[in-house]
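Engineer: Could you work out the structure for the sequence below:
(chains A and B)
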2 protein chains.
Amino acid sequence: MKIESVDFFYLSMPEVLDIGDGSQDALLVRIRAGGLEGWGECETSPLTSIASYVCPMSHSACKPIKYSLEGKHINSVEDIQKISESVHSNSFDLLQADHTLSGINIALWDLLGKKLEEPIYKLLGYKKAFPKLPYASQLFGNNPDETFAKAKHTVEAGFKAIKFGWGNFGEGTLENDIAHLEAARRGAGQDCFLMIDAGTVWENDFNEAEKRLAALKKINAYWLEEPFANLSVNEYKKLSTSLPKIPLAGGEGCNNFTQAKLMIQYGGLSFIQIDAGRVGGISPAKQVADLADEFGISYVNHSFTSHLALSASIQPYAGKEKHNICEYPIEPKQLAIDISSTKLTPGKNGYLQLPEKTGLGICVDIEAIKKYLVDIEIKLKGKNIYYTPDL
Amino acid sequence: MKIESVDFFYLSMPEVLDIGDGSQDALLVRIRAGGLEGWGECETSPLTSIASYVCPMSHSACKPIKYSLEGKHINSVEDIQKISESVHSNSFDLLQADHTLSGINIALWDLLGKKLEEPIYKLLGYKKAFPKLPYASQLFGNNPDETFAKAKHTVEAGFKAIKFGWGNFGEGTLENDIAHLEAARRGAGQDCFLMIDAGTVWENDFNEAEKRLAALKKINAYWLEEPFANLSVNEYKKLSTSLPKIPLAGGEGCNNFTQAKLMIQYGGLSFIQIDAGRVGGISPAKQVADLADEFGISYVNHSFTSHLALSASIQPYAGKEKHNICEYPIEPKQLAIDISSTKLTPGKNGYLQLPEKTGLGICVDIEAIKKYLVDIEIKLKGKNIYYTPDL
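Structural biologist: Numbering: from 1, shown residues only, chains lettered A, B, ... in the order given. Below is the predicted model of the structure:
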């Protein structure tokens, strides 16, 4: 199948708030070939990624991403690999490339799955998709009482695992953080897995992170996520061997396989978290999942937006039974909900199962998303080089 | 001084060729405050970086770069640091940010130098700028005879050090590479420092790189640069301890201090090469230079475009006498030459000296660059969010 079109759709809530909620906008990618279409989603700044697709060439290693897509054929898993490698060699001085490639790579897998009539995880070599235990991923409350209420509500809704993150955690006093942590545990009860996400708040400040270890131990935190900036492996390693011992999770900031490998090899992580929408897509995410196996640590998806992105983020480790936890956003904005008519919801046993359908198994709801479409037009020397395509 | 405007100018040669020559376009940054203006240059895809400056906010950690600049004050070195940290925390999920910040950071240093009437290297804490031995940086010839002629011509022009890179080196047969290497040495003569730049051609393929070591030893190569992709530290480390021993250089692909630290700590480098136009500017480049001292390796600038970028790339290690080599592009496109009326040329002794003038010490040639200006217009929901400012 020859690629006929690669189209981007920038969707946004009418108002975007200054909070750590990545579900407020989205960049969808639609690739058409052979009468079929594949869909992907980039975890990115939409306008910046659109620019990286259509920008003029600067030199041989700084070409627009479209250079590696236009006119190419897609018939096999190897063809997807070839396109990803081609983007890396043609655009490696274009920093934004990996975020944009991510949605493209996902759409290519979706397209190929539809052509070969298989779910993506089967094309990746897995025989079956094992159920994952979803942890209800959400922001801390604005105060400990709110955090308590959110935790309680989430357990009552049937979740056996909860993650709280961002908000002002780590930015204020130690006492405030302890109050949030204890409220979260009280609300969640003793049997619930409870994860805490610091959202890189301490950057490279080991001491600020270390101060929280005792409180995290006291509430029996399942992991501490992203205490430091991505690739700050020395600080990660030091914290991973500090007492009391709290398993560390990180890696969502990785933009390619090489970065994830560094985090695994040098960071002392117990959990490597990969967002297929920014690591370069499903292909490098699968490579990272295999590497996690080699190192004896757990792979976890990162996903905080739509169920299209959720399916894409789980495919890379769907067939790995031991890696049995998945992130599940429970308070996305309406936009993220409306993106797909297919919803992935945990079963009665509390576990999440990928759809046994071709590709991602997710149906994009074209009518529903029209109202979120942000019209973009880019002119270069008076010539229109980008306009929003028809949905 | 309150920042009054941050303006981008996308300049391009009429035709951009598919070769490894980064001087074919440029993104200049002009920042105005207190009746003064500072200039910087990003090593970037211009349109993509412009988009990263004006894009709408996606969430709290994915804000446009302008968010961290508009209305801010700039009166001290600490203010520059604050702005860089602010970009990192406000835009850390905007992958393109570091390339755009680079030109902004350089322009802020230029502006502050003009206000405080000091060259930038003095604001960085250096007492004097030591002369550097420039190596004439250029692409391999299309065949060994051309490489020979280029080397011979360069030595005759007075250069005591030459670097060849890119072209098809490493992509064809070993024999072809050996022919180029030997031609380079014959043309350069025995006394010339001769560096070889593989431009990441072998990505992660250790064996392809190892095959070239004997030939590199035979021509007494001063270093082998970028055999592998940026951050492929395991492959770098393994090659650095392989025989025959060739000193390794790398790091131009680093987009921030943390990445450069990983390359130094784990990659077995003898030379860390930093482009101030993509690492985030002069501030992180200075941090890397200090770290190179700690690790007892050499810092070298990366610079392949204008003399504005060249000055910016040398300031971070100007005062370090031991780090005495600098990259010097000798065949830039006319655009890169025309950017500044100030030219940095090696003295009769063959050494290059930074100008003893305020800021970068470089005067931008407004009239000369007008003809290269690429007009850009970005509309969002029918509203113009970017148009090319007046030069």
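Engineer: domain ranges for chain A?
Structural biologist: For chain A, the structural domains run A:3-118+A:368-387, A:123-338, going by automatic domain parsing.
Engineer: closest one to chain B among the ones you listed?
Structural biologist: domain A:3-118+A:368-387 (3.6 Å; Cβ to the nearest Cβ). To be clear about C-beta, it is placed using only N, CA and C from the backbone, and glycine gets the same treatment.
Engineer: what's the first-to-last distance across that closest one?
Structural biologist: Its first and final residues considered, domain A:3-118+A:368-387 spans 19 Å by Cα to Cα, to the nearest Å.
Engineer: which SS class is A:Ala184?
Structural biologist: Of the three states, A:Ala184 takes helix under DSSP: H, G, I helix; E, B strand; the rest coil.
Engineer: What degree of burial does it show, as a neighbour count?
Structural biologist: Other residues within reach of A:Ala184, judged by other Cβ atoms under 10 Å in any protein chain shown, total 27.
Engineer: does any bit of the longest helix that chain A contains sit next to chain B?
Structural biologist: Identified as the longest helix of chain A according to DSSP state H is helix A:97-116. Yes - judged by Cβ under 8 Å from any Cβ of the partner chain, helix A:97-116 and chain B are in contact via A:Asp98, A:His99.
Engineer: After that helix, which helix or strand is next?
Structural biologist: Using DSSP states H and E, the next helix or strand after helix A:97-116 towards the C-terminus is helix A:120-123.
Engineer: residues near A:Asn142, how many?
Structural biologist: Other residues close to A:Asn142 by other Cβ under 10 Å number 10.
Engineer: And it, how close does it get to B:Ala312?
Structural biologist: 44 Å (Cβ to Cβ, to the nearest Å).
Engineer: One more: A:Val29?
Structural biologist: 36 Å.
Engineer: When these two are compared, which one has more neighbours?
Structural biologist: Under the criterion of other Cβ under 10 Å, the comparison of A:Val29 against B:Ala312 puts B:Ala312 first, with 32 against 25.
Engineer: So which residues of the stretch 151-300 of chain A form strands?
Structural biologist: Taking DSSP state E, counting those that start in this stretch as the test, the strands found in the stretch 151-300 of chain A are A:161-165, A:193-197, A:223-225, A:248-250, A:271-274, A:298-301.
Engineer: Using CSV, please lay out the ones you listed together with mean pLDDT.
Structural biologist: CSV is the format used below for the strands of the stretch 151-300 of chain A (pLDDT from 0 to 100):
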stretch, mean pLDDT
strand A:161-165, 96
strand A:193-197, 98
strand A:223-225, 98
strand A:248-250, 98
strand A:271-274, 98
strand A:298-301, 98
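Engineer: who's in contact with the closest residue in space to A:Ser91 that isn't next to it in sequence?
Structural biologist: Excluding its sequence neighbours, the residue lying closest to A:Ser91 (Cβ to Cβ, 6 or more residues apart in numbering or on different chains) is A:Ala97, at 4.2 Å. Contacts for A:Ala97 (Cβ atoms under 8 Å, 6 or more residues apart in numbering or on different chains) come out as A:Ser52, A:Ile65, A:Val87, A:His88, A:Ser91.
Engineer: do that again at 10 Å, thanks
Structural biologist: A:49, A:52-53, A:62-65, A:68, A:87-88, A:90-91, A:104, A:255-256, A:280, B:45, B:48, B:95-96 (Cβ atoms under 10 Å, 6 or more residues apart in numbering or on different chains).
Engineer: returning to that earlier point: the domains of chain A into CSV, with extra columns for distance to B:Lys381?
Structural biologist: What follows is the domains of chain A, written out as CSV (distance: least, Cβ to Cβ, whole Å):
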stretch, distance to B:Lys381
domain A:3-118+A:368-387, 5
domain A:123-338, 16
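Engineer: so which strand or helix has A:Phe9?
Structural biologist: Following DSSP H and E, one finds A:Phe9 within strand A:3-12.
Engineer: Tell me the first helix or strand C-terminal of that strand.
Structural biologist: With DSSP H and E, the next secondary element past strand A:3-12 is strand A:25-33.
Engineer: Is there any residue in that next one that contacts chain B?
Structural biologist: Yes - counting by Cβ under 10 Å from any Cβ of the partner chain, contacts between strand A:25-33 and chain B involve A:Asp25, A:Ala26, A:Leu27.
Engineer: now, which of the residues you listed sits nearest B:Ala136?
Structural biologist: A:Leu27 (43.4 Å; Cβ to Cβ).
Engineer: The closest one against A:Cys42, yeah?
Structural biologist: Yes - taking Cβ atoms under 10 Å as the definition, A:Leu27 is a contact partner of A:Cys42 at 4.5 Å.
Engineer: and for the two, which residues touch both?
Structural biologist: With Cβ under 10 Å, 6+ apart, A:Leu27 and A:Cys42 have common neighbours A:Phe8, A:Ser49, A:Ile50, A:His99, A:Thr100, A:Ser102, A:Gly103, A:Gly277.
Engineer: Include neighbour count and pLDDT when you put the residues you listed into a markdown table, please.
Structural biologist: Output for the shared contacts of A:Leu27 and A:Cys42, formatted as a markdown table (neighbours: other Cβ atoms under 10 Å in any protein chain shown; pLDDT from 0 to 100):
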| residue | neighbour count | pLDDT |
| --- | --- | --- |
| A:Phe8 | 23 | 98 |
| A:Ser49 | 31 | 98 |
| A:Ile50 | 27 | 98 |
| A:His99 | 27 | 98 |
| A:Thr100 | 32 | 98 |
| A:Ser102 | 34 | 98 |
| A:Gly103 | 33 | 98 |
| A:Gly277 | 32 | 98 |
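Engineer: near chain B, which residues of the stretch 101-250 of chain A?
Structural biologist: Checking the stretch 101-250 of chain A against chain B by Cβ under 10 Å from any Cβ, the hits are A:166, A:199-201, A:203-204, A:228-235.
Engineer: change it to 7 Å
Structural biologist: Proximity of the stretch 101-250 of chain A to chain B, by Cβ under 7 Å from any Cβ of the partner chain, involves residues A:Ala229, A:Leu231, A:Ser232, A:Val233.
Engineer: what's around the closest residue to the third one other than its chain neighbours, how many residues?
Structural biologist: Beyond its immediate neighbours in the sequence, the residue positioned closest to A:Ser232 (Cβ to Cβ, 6+ apart) is A:Asn204, lying 5.1 Å away. The number of residues packed around A:Asn204, counting by other Cβ under 10 Å, is 16.
Engineer: do A:Leu116 as well
Structural biologist: Around A:Leu116 there are 16 residues (other Cβ under 10 Å).
Engineer: Contact partners for it?
Structural biologist: A:Leu116 sits next to A:Leu123 when contact means Cβ atoms under 7 Å, 6 or more residues apart in numbering or on different chains.
Engineer: do A:Lys2 as well
Structural biologist: A:Ala33, A:Gly71, A:His73.
Engineer: A:Ile3 is in contact with the first one, correct?
Structural biologist: Just to be clear, that refers to A:Ala33. Yes - using Cβ atoms under 7 Å, A:Ala33 is in contact with A:Ile3, at 5.0 Å.
Engineer: how about the helices in chain A?
Structural biologist: A:46-54, A:77-90, A:97-116, A:120-123, A:144-156, A:174-188, A:206-211, A:213-218, A:233-240, A:257-266, A:282-295, A:307-314, A:334-338, A:366-369.
Engineer: Run the angle between the longest helix of chain A and helix A:77-90 for me.
Structural biologist: 160 degrees (axes from the mean of the first three to the mean of the last three Cα atoms, to 10 degrees).
Engineer: from the chain's centre, how far out does helix A:97-116 sit?
Structural biologist: 14 Å (Cα atoms, centre = their mean, to the nearest Å).
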